[in-house]
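[1] dropping a prediction and its sequence here:
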Amino acid sequence: MDQLRTSIPISNDKLRQYAESRLHRALAARLHRRQLVKSSLATAAAGAMMHFTGFTPSAVAAARRALAQNGDSAEAAVAAANALDPKPAELFVVWESALQAQDPLLFSGPLWEELTGIRITVLELPFTDMYSGQVAEHIAGTGGHDVLSVVPAWQADFVAQGIVEPLDPFIEQYMNPADLDDYHPLYRDLMNFGGQIYALFDDGDTIILYYRKDLIEDPANQEAFQAQYGRDLAPPATWLEYDEVQAFFTEQGAPELYGGASQRVAGGLHGWFMEEYRNKGGIFFDAETMDATVNGEAGQATLDRMVASNLTMPPGVETWGFIEVLTGWMSGQLAMIGGTWPPIGRWSEGTTVEQLAWVPETQVAGNVGYSVMPEGHSAHNGGFMLGVAAQSQNKEAAYLFAQWANSPSISLQRCMLPYALRDPFRLSHYASEEYRAAWATAGDYLDTLEAAADGALLDLIMPGAVEYHNAVDQAVTSAMAGTGVQEALDGLAESWNEITDRIGRDQQREAYAEYTLLAGAYP
Amino acid sequence: MSIAADRAVPVAHGVAARSRRRPRASVGLAARYVVVAIALLFFLFPIYWVVVTAFKLPAEFMARPPVWFPENPSWIQFETAMRLRGVTALKNSIIIASSATFLSVAIGSLAAYALARFRTGGRHFGFWLLSQRMLPPVVLVIPIFLMYRGLGWLDTHHGMIALYTVFNLPYVVWMLRSYIGGIPVEIEESALVDGSTRLGVLWRITLPLVLPGLIATATFAFIFSWTEFLFAVVLTRTSAVTMPVTISGYFGSQGSAYGQAASLAVVATAPLFILGLLVQKHFVRGLTLGAVRG
Amino acid sequence: MTAPVSRRALPSRRGWQTAGSVSGRTRWTGWLLVLPTLVAILFLGIYPLLFSLTISFRRWDLQVPEQSFVGLANYGQALMDDRLWAALGNTLLIMVVGVGLEFVLGLGLALVLIDELRGKRFIIPLLMLPVLMVPVVVALTWRLLWDQQYGPINAILSAITGQNVAISWLAQKNSAMVAIIVTEVWQWTPFMFLVLLAGLSGVSAELYDAASLDGASWWHSLRDITLPAIAPVIAVAVLFRAFDAFKIFDVIFLFTQGGPGTSTESISWYIYQLGLRFFRMGYAAAVSYLVVIFLTIVVAIYATLWLREERA
C-alpha cells in the first residue's frame, strides 16, 4: 500500500507541499486515542460483527488498475462499480431532507447513475427524525437502507446496535490510502471508533461567526461605539464583546438592522450551549461518579447570557432556525450571525440557482467577514458521515458510492455546490486553488473554517448522545420560554443523570473517558 | 349517558319544527349575520391561506408583511412536489385507503347484520367493539411496529391495508348495525319464506335498502384511513408512504418548503371536501357513530 | 326529521325484539358472520395489546443490551415520572379547555343558525370543511398562520394594535399552548356545531310556545328548556370530542414536538417519544398500559352507568 501512496502523481506542486505540511501536523496532533482506550461496548460489537469478505474479484481488480493509474479513489470506485456482478439497479441513500438533499438529488445522484448505471434513490428525513428513522429501519430489519447518514455523535449507538458496517476491509480493497490523510485531523479522528472505521467523514459542520465588514469598519460606527463602550469596534473575541456589538447595532438600527442573531430553535441548539459552556470552563460529567455537572457556574453563566442576548436579537428569534437566520442575513438585516454553519459564507457571495430562489438576493456580497466563534473555540455541531448499512444487500455498491462521493475530487465539487449544504472537510478542500478563487475573500473563508476545525469542540460522542443533546435543547428552550435558568439547568442535570443511570454508570464512565481523549472534547 | 337520557328527548315533528318559535333573543337578524360572517371568516380564512400558499412563489410566502393575494399564482409548487414525492404518496394513499375501506365494509357488513338481526354477542359485545375506538392509538403503535417487523409487513401496502381495515371495523359494524336495524325485519322475513338464504337476503334485499347508509359509512371509513398519521409515520418509509406522512416530511429544521407542503396539502384535502359534501346528510350521524342523527 | 338521539345508538332490548326469537341455528349463523371481524380485531387490536403487556414487564431498551424481566419496575418508575404526570396535565388541559371552547362556540353558532337564515344551505357545508381536513394539513395550515415572521396572525395583530407584534407563538410555553388549543378548536368546533344543530332541530317547538306565553327571557328558555332538551346530544358530542382530544398527537408532533422544554408534551407524544425516538420500548409499553388502565376505568364507569340506566 505504501507503494501506492508514493505513486500518486500530484500535478500541483504547491498543493502537494501544502498537503504534506498539513499531513505532518495531522499525524503529530493525532492522539490515536481510539487505539489507546477501547470501549468494551464498541469492541464487543465490532468483534461480534463479521467483517465483509464477499468482495467481487473483478471489481477489486478494476479498482486496483484505476488506482495504479492515477490514484483517484473516485475513478477507482466507478470502475469497481461497473465491474460488479450482479450490479444493483438502485441504492437507497438516507439524507437530510430539504437543502442537504439537493446534492444527491441534483448532483451526485444523477452523476453516479450516469457513470455506473446505478440509480440513487434519496430517502429524505428531517434532521430530528434521522437518528430514530435509521435506528427504526435497522430494528425493522427490512434492509431498506444502503447508505446511511451518520452523525459522529450517533456513532456509539450505531456501532453498539450493529447498524453500520465496519469499513476497514472496503477501504483496504478500494481506496487510495492517501485519501485517509486528506481529512482534517479532527474529522479523521471522528471516523475511527474502537479502532475501526465505520463511516467516511463527509461534512465539516464547524460553525463560525459572520460579520458585516462594511458596518464594523464604518468610521461613524467606530466613533459612536468608541464613545459608548470605550473600546474599538471590532469583530468580537468574547461573548461579552459580542453582546456589546450586537446591542450597539440593534440600538442604532432596529427594526431595519439588528446587531445579530443566533439559531435558537430546538434541534441543533445544544451545540450553541455546549460550545460556550466549555469555552467558559464547564465540564459535562464528574469523571469519577459520572454525575452531571452542567448546572454549575459555567452553565449558569452560559445560559444567562444566551437568554439575555436574545433581547438584542430580532424579536421572535426563539423560533429561528438555520433558514430564518440565513434569510435575515442575506437581506442585510443582521450585522452579525452569532455562529452558523459554513454554507452561508458561500451563499452570501451571491447565487442565482433555482433552489435558492426563495432566499432574498444577497445584499451583503463582498462585505462578509469571518471569524472563529467568540472565546476561541467553535462547535462542531452535527456533521455527516457516510456509512454502509449492516443490513444492506448491496454493501459493496453502497460503499463504492460513498467512497466516490467522498473522494477528494468529487467531494470538492460537492462542497462548492452553490445550493447544497456540504462543507469543506478535507485538507485539499481548504487548499483548493479553485475554491480559494471562487470569490474575493474565499481564501479567508476557507482559512477560518480550517482554523475553526483545528480548535473545534465536538458534540458529545457516547451512547445516548441523542438523548443527552435532546435534554440540552429542552433545558435551553425552556429557559428561553421563561423558566428560571437555575431550574432549567437543574432539570438538565437530573435528566442527564437519569439517562446515565439507565444506560449504566460504569459503561458511561468508560465511554466518557474515551470521549475526553478526543482532541475536540474540551478546549 | 346518551341512552339514559334519550327517552327524555322529545321527538320533533316536521310540521311543528317549521312553525316553531325559538328563543330568538334580543339579537336581531343583523346580529346573526354578523356572527355568521365572523364564523365564516374564522373557519375559512385558514383554508384560504393554505390554498394561496400553494400557489405562491417563495418570495411571496416568505414575505413581510404577508402577501394576502398572490400576484402571479403559479403551479410550480404543485409540479415540483408532485414530481418529487407527491405522485407516489398519492398513489399509496389511494390504494391503501380504498382497499381498507372496501375490506372493512365487506367484512363489517356481515358482522353488522348479525348484530342487528341475531343480537350476536349481546350488549357487551357491541360495547366492547365500540370501546376499541376509545384507546389512544399510540398504545398500539409500539407492539404493532414490533409485530410487523416479525411479519415483514413494515412499509407494505398490505400491512397498512390490514391495519386500517381493523381500525375501521368497529366503526363500520356499529354504523351498519344501526342502518340495518332501521329496516323492518318483515321485509326479510317474507324473502326468507320464499326460500332465500340469509346471505342471499343480506346481499339482495338488506344491503340495497341501506345503500345510502352504506355509502356514507364507507366514505367515513375512507376519510379515517386517508387522514391517519401516527401509524403511517411509524410503519411506512418509502414504498407505502402516505400523503399525511409526506406532508409532514416538509416540517424539517430547514422548513422552507412550505409552498410544496401546501400544494400537497391541497391535493390531499380536495378529495375529502368533495366526499364530505356528498355525504353531508349523513355527516352528524356518521361522526357520532349514529348516536345523533342530523 | 328523526329523533336527534337514536334509540339504536346503543343496543337496546326493544330494538332487538323485532328480530324474533333467536334459535340455535341463527345464533350459530350470527357468530359465523361476526367471525371475520372478530378475528381481525383479535389480530390487530387485542393481540398487540397483550403483546404490549409482556413488553411492559421487560427492560426493552435500545441502550441496554439484555432485555431482562423486571416485573412491575417500569410501572413503578412511570408512576413516579414527573414528565408523565405533566404530560397528563397538559393533555387534560387541552381536552378541558379545548372541548369547553368548542362547546360554547359550537352551541352559539348552532343557536344562531337553527332558525331560517338566507344562505343557510351554503353556510352549513362551508362550516363543515375544517372537520374534513387531514389533521396534518391542519397543523401545516396553522403553522403558516402562527409563523412569527411571515404569519398573518402577527400581521393582523400588528394592524389592529398599530404596533409591531412579533410573538413567537410556538416558542413560549403559554402561547404555544394557546396556539395548540386554538388550532384544535378551529378544527373541531364545526363538529360540535353540527351535532348540536342536529340536536336543536329536534327540540319540539311547543316547548317554546309554552315558555314564551309565560314570558320567559331568552336566557331562561335556553337554560331551562333548550339545554335540558338537548342534554343527551350534548353528552354525546362532548364525550366524543373528549376522547378524541385525549389522543392529541398530530398537532403537537408538527407544532412544538413537546417544546419549549417539555411544556407542551401530551400523553401520546410522550409515549411516541419514549418508544420511537429513544427506543425505550418496555417503559413506553408500561406508560401505555397505565393509560389503558386509566381509560378502562373511565369507560367501565360509563358502561356501568349506562347498563344500570338501561335496566331501570
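    Done, it's in.
[2] which residue ranges of the chain form strands?
    Assuming you mean chain A. Taking DSSP state E as the criterion, chain A contains strands spanning A:90-96, A:119-125, A:147-150, A:192-193, A:196-197, A:199-201, A:208-212, A:336-340, A:368-371, A:379-380, A:385-388, A:457-458.
[3] need the least confident one among those, by mean pLDDT.
    Note on those: strand A:192-193 shows the lowest mean pLDDT, a mean of 88.
[4] who are the packing partners of it?
    helix A:155-160 (3 or more CB pairs under 8 Å, 6 or more residues apart in numbering or on different chains; DSSP states H and E). C-beta here means a position set from N, CA and C on the backbone, and glycine is covered the same way.
[5] redo the strands of chain A as JSON lines? Include mean neighbour count.
    As requested, those are arranged in JSON lines below (neighbours: other CB atoms under 10 Å in any protein chain shown):
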{"stretch": "strand A:90-96", "mean neighbour count": "23"}
{"stretch": "strand A:119-125", "mean neighbour count": "20"}
{"stretch": "strand A:147-150", "mean neighbour count": "29"}
{"stretch": "strand A:192-193", "mean neighbour count": "23"}
{"stretch": "strand A:196-197", "mean neighbour count": "21"}
{"stretch": "strand A:199-201", "mean neighbour count": "27"}
{"stretch": "strand A:208-212", "mean neighbour count": "25"}
{"stretch": "strand A:336-340", "mean neighbour count": "26"}
{"stretch": "strand A:368-371", "mean neighbour count": "21"}
{"stretch": "strand A:379-380", "mean neighbour count": "26"}
{"stretch": "strand A:385-388", "mean neighbour count": "28"}
{"stretch": "strand A:457-458", "mean neighbour count": "25"}
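[6] quick check: residues of chain A near chain C?
    A:128, A:131-132, A:135-136, A:139, A:157, A:160-161, A:255, A:264-266, A:314-319, A:324, A:463-464, A:466-467, A:470, A:473-475, A:477-483, A:488, A:491, A:502-504 (CB under 8 Å from any CB of the partner chain).
[7] now render the strands of chain A as TSV, adding distance to residue C:247.
    Below are these laid out as TSV (distance: least, CB to CB, whole Å):
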stretch	distance to residue C:247
strand A:90-96	30
strand A:119-125	25
strand A:147-150	32
strand A:192-193	41
strand A:196-197	45
strand A:199-201	39
strand A:208-212	45
strand A:336-340	38
strand A:368-371	49
strand A:379-380	39
strand A:385-388	37
strand A:457-458	40
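[8] nearest to residue A:441, of those?
    Taking CB to CB, strand A:368-371 is the member of the strands of chain A nearest to residue A:441, at 7.0 Å.
[9] buried subset of the residues of chain A next to chain C, written for PyMOL?
    Selecting only the buried entries of the residues of chain A next to chain C in PyMOL, with 16 or more other CB atoms under 10 Å in any protein chain shown as the criterion:
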select buried, chain A and resi 128+131+132+135+136+139+157+160+161+264+265+266+314+315+316+317+318+319+324+463+464+466+467+470+473+474+475+477+478+479+480+481+483+488+491+502+503+504
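[10] give me the subset of the residues of chain A next to chain C touching chain B.
    A:128, A:136, A:139, A:265.
[11] so where's the stretch 151-300 of chain C uncertain?
    Low-confidence segments of the stretch 151-300 of chain C (pLDDT under 70): C:210-216.
[12] in it, what residue lies closest to chain A?
    Nearest residue of the stretch 151-300 of chain C to chain A (CB to the nearest CB) works out as residue C:261 at 2.5 Å.
[13] doesn't that residue lie inside a helix?
    No: secondary structure of residue C:261 (DSSP: H, G, I helix; E, B strand; the rest coil): coil, not part of a helix.
[14] excluding sequence neighbours, find me the nearest residue to it.
    Leaving aside its sequence neighbours, residue C:261 sits nearest to residue A:478 (CB to CB, 6 or more residues apart in numbering or on different chains; 2.5 Å).
[15] list the contacts for that neighbour?
    The neighbourhood of residue A:478, defined by CB atoms under 8 Å, 6 or more residues apart in numbering or on different chains, consists of A:488, A:491, C:173, C:259-263.
[16] from those, which would you call buried?
    A:488, A:491, C:173, C:259-263.
[17] out of those residues, the closest to chain B would be?
    For these, the nearest to chain B is residue C:259 (12.8 Å; CB to the nearest CB).
[18] what's near enough to touch that closest one?
    Neighbours of residue C:259 in contact, by CB under 8 Å, 6+ apart: A:266, A:473-474, A:477-478, C:170-171, C:176.
[19] wait, does stretch C:28-40 make contact with chain B?
    Yes: Stretch C:28-40 reaches chain B (CB under 8 Å from any CB) through C:29-34, C:36-38, C:40.
[20] pull the CA atoms of that stretch into PDB?
    Taking Å, rounded to 0.1, in the frame of the first residue of the first chain, the C-alpha atoms of stretch C:28-40 are listed here in PDB:
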ATOM      1  CA  TRP C  28     -74.600 -20.100  15.000                       C
ATOM      2  CA  THR C  29     -75.100 -18.100  11.800                       C
ATOM      3  CA  GLY C  30     -74.600 -15.000  13.800                       C
ATOM      4  CA  TRP C  31     -71.300 -16.000  15.200                       C
ATOM      5  CA  LEU C  32     -70.200 -17.100  11.700                       C
ATOM      6  CA  LEU C  33     -71.000 -13.700  10.300                       C
ATOM      7  CA  VAL C  34     -69.200 -12.000  13.200                       C
ATOM      8  CA  LEU C  35     -66.200 -14.300  12.900                       C
ATOM      9  CA  PRO C  36     -64.100 -12.400  10.300                       C
ATOM     10  CA  THR C  37     -64.500  -9.100  12.300                       C
ATOM     11  CA  LEU C  38     -63.600 -10.900  15.500                       C
ATOM     12  CA  VAL C  39     -60.500 -12.500  14.100                       C
ATOM     13  CA  ALA C  40     -59.300  -9.200  12.600                       C
END
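[21] which parts of that stretch are buried?
    Neighbour-count burial for stretch C:28-40 [16+ other CB under 10 Å]: C:29-30, C:33-34, C:36-38, C:40.
[22] got it, and stretch B:61-73?
    Across stretch B:61-73, burial judged by 16+ other CB under 10 Å covers B:61-62, B:66-67.
[23] inside helices: which ones of those residues?
    residue B:61 (DSSP state H).
[24] would you mind giving the buried residues of stretch B:61-73 as JSON lines with distance to residue A:442 and pLDDT added?
    Formatted as JSON lines, the buried residues of stretch B:61-73 follow (distance: CB to CB, whole Å; pLDDT from 0 to 100):
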{"residue": "B:61", "distance to residue A:442": "32", "pLDDT": "85"}
{"residue": "B:62", "distance to residue A:442": "28", "pLDDT": "80"}
{"residue": "B:66", "distance to residue A:442": "37", "pLDDT": "92"}
{"residue": "B:67", "distance to residue A:442": "36", "pLDDT": "92"}
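[25] what pLDDT is listed against the most centrally placed residue in chain A?
    What sits nearest the mean C-alpha location of chain A, by CA atoms, centre = their mean, is residue A:383, with 2.2 Å. Residue A:383 carries a pLDDT value of 92.
[26] that one reaches residue A:186, doesn't it?
    No: in this structure, residue A:383 is not within contact of residue A:186 by CB atoms under 8 Å, at 9.9 Å.
[27] out of the ones next to chain B among the residues of chain A next to chain C, list just those in helices.
    Per DSSP H, these map to helices at A:128, A:136, A:139.
[28] format those as JSON lines; extra columns: pLDDT.
    Below are these laid out as JSON lines (pLDDT from 0 to 100):
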{"residue": "A:128", "pLDDT": "85"}
{"residue": "A:136", "pLDDT": "91"}
{"residue": "A:139", "pLDDT": "89"}
